[in-house]
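Participant: fold the following.
(one chain, ligands or ions: 2)
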Amino acid sequence: MTKIFKKRRSMLYIPGNNPAMIQQGGVYGADSILLDLEDAVALNQKDAARILVRNMINVIDFYDSEVCVRVNHLSTPFGLADLEAIVPLQPSAIRYPKTESGEEVAELLKIIEQIEDRHGLPHTKMTLHAMIETAMGVQNVFDIASKFDRVDAITIGGQDLTADMNIVYTPDGAGIDFARKRIVMAAKASHIDVIDTVFPDVNDEDGLRRETEYAKRIGFTGKAVINPRQIEIIHDVYTPTDEEVRKAYRIVKEFKINSAAGIGVFAIDGKMIDAPIVTRAEYILRLANVTVG
Ligand SMILES: CC(C)(COP(=O)(O)OP(=O)(O)OC[C@H]1O[C@@H](n2cnc3c(N)ncnc32)[C@H](O)[C@@H]1OP(=O)(O)O)[C@@H](O)C(=O)NCCC(=O)NCCSC(=O)C[C@@](O)(CC(=O)O)C(=O)O
Ligand SMILES: [Mg+2]
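Facilitator: Ligands and ions are numbered 1, 2, ... in the order given. Modelled structure (predicted):
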C-alpha cells in the first residue's frame, strides 16, 4: 500500500496547556496541527494540558489543518492517561515520542486498540506518527516504519536526538545528518511520510529556508514548526514553482503521446526522458494538484 503524498508540508506544534494558541491554531494555514502534551508542557501542567486538549479538540475549528496529538511516552506517569483521554476522540493521528523499536510500536498499538474496542471505535481511522529521536530509534527505524499499517509518518526529533547523543545541536545539522538520511530511507522504503525536525530559531528566516531546502533535497516530505511565522517559508519551499509544474506537465503529456506510439524513451530540449523522470514529474503534478488530460 502506498501511503505517501498526504499534504503535510508544515506541522505546527501548539503547547497543550495554552488555550489562546489552541484557539487560534487553525488560522495560520498549517497543513497539520500538533497539539502537544509532551515536551512543550511543564511537568506540573501535564494533567491540565490533557484536560484542555481533550475539551478543545473537537469544539475548535481548525479549518483545513489535520489535527494530531503528541502524547507522552508510556514509560512516563502520563503516557497511558494521555492515550485514555485522547484516543476516544480520534484525532487524525497520535504522534508518539522517542520511539525505539518495532516491539514498542506493537505494544503501543495494542493499548490504542484496546481503548478503541472499549469505545466501539474502528482500528482504521486514526494513524500513528513515530518520532525517532534517540540513537536506538535511529538504529531500529526500518522496523518502526515498515511493519505497521497504522504508522503513516515518521519524524526526526533533532533536539532530543542531539541530547541523547551528547552533542550540541548546530544549525548546519552535522551531528544528525546520518540520522536524517537513514530515517528518510526507511520512510521511502515503507512508502510513508517523513517529517523533518523543528528549526528552533524563529527569528532566523534565512536559516529556516536553508534547512528546509536541504531537508527537501534529501527526501523529507515536510517539516515540524514551532511558530506560525515559519509556515509560509516551508510552504514556499515545498510548493513546486510554476516553471517546475509547466515542465512536469510537458514531460507527462509527451510521455503519454510517445508511449501510445510505442516509444519508451525520447528527448525534450535535448534531455532524455524515460520512466524515472516521468515518475518524478508525476510527483510534482500530484503536489501541485494538476492532472494531465
Ligand atoms: C517559540 C515561541 C516560544 C516563540 O514565542 P514568541 O512569543 O516569540 O512568538 P511570537 O512570534 O511573538 O508569537 C506571535 C503570535 O503567534 C502565536 N504563536 C506563537 N507560537 C505559536 C504556536 N506554536 N502555535 C500557535 N500560536 C502561536 C502567539 O501566541 C502570538 O499570538 P498573538 O498574541 O495573538 O499575536 C512560541 O512560538 C512557542 O511557544 N512555540 C511552541 C513551542 C513548542 O511547542 N515546543 C515543543 C515542540 S518542539 C520539540 O518538542 C522538540 C522535538 O521533540 C520536536 C521535533 O523536532 O519535532 C525534538 O526533539 O526536536
Ligand atoms: Mg523531542
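Participant: please make it C-alpha for all contacts and neighbour counts, starting now.
Facilitator: Noted.
Participant: for the residue located most distally from the centre of the chain, what are its contacts?
Facilitator: The centre of the chain is farthest from one residue, Ala261, which by Cα atoms, centre = their mean lies 40.5 Å away. Under the criterion of Cα atoms under 8 Å, 6 or more residues apart in numbering, Ala261 has no neighbours.
Participant: ramachandran angles for it?
Facilitator: Ala261 adopts backbone torsions of phi -90, psi 10, taken as degrees, to the nearest 10.
Participant: next one, pLDDT for the most centrally placed residue in the chain please.
Facilitator: Residue closest to the average C-alpha location in the chain (Cα atoms, centre = their mean): Ile195, at 3.8 Å. As predicted, Ile195 sits at a pLDDT of 98.
Participant: list the strands paired with the helix or strand hosting it, with their directions.
Facilitator: Secondary structure from DSSP states H and E places Ile195 in strand 193-196. Each strand paired with strand 193-196, and its direction, by DSSP bridges: strand 151-156 (parallel), strand 222-225 (parallel).
Participant: quick one: closest of these to ligand 2.
Facilitator: Ranking the strands paired with strand 193-196 by proximity to ligand 2 (Cα to the ion) places strand 151-156 first, at 8.4 Å.
Participant: give me the contact list for that closest one.
Facilitator: Contacts for strand 151-156 (Cα under 8 Å, 6+ apart): 3-4, 127-133, 144-145, 179-180, 183, 187, 192-197.
Participant: at 7 Å instead, please
Facilitator: Contact with strand 151-156 is made by 3, 127-133, 145, 180, 187, 192-197, as judged by Cα atoms under 7 Å, 6 or more residues apart in numbering.
Participant: show me which of these are buried.
Facilitator: Those of the contacts of strand 151-156 that meet the buried threshold are 127-133, 145, 180, 187, 192-197, by 16 or more other Cα atoms under 10 Å.
Participant: pLDDT of stretch 58-75, averaged?
Facilitator: Per-residue scores along stretch 58-75 average to 96.
Participant: tell me the buried residues in that stretch?
Facilitator: In terms of neighbour count (16+ other Cα under 10 Å), stretch 58-75 has its buried residues at Phe62, Ser65, Glu66, Val67, Cys68, Val69, Arg70, Val71, Asn72, His73, Leu74.
Participant: wait, a helix at the fourth one?
Facilitator: No: Val67 sits outside any helix when classified using DSSP: H, G, I helix; E, B strand; the rest coil, being strand.
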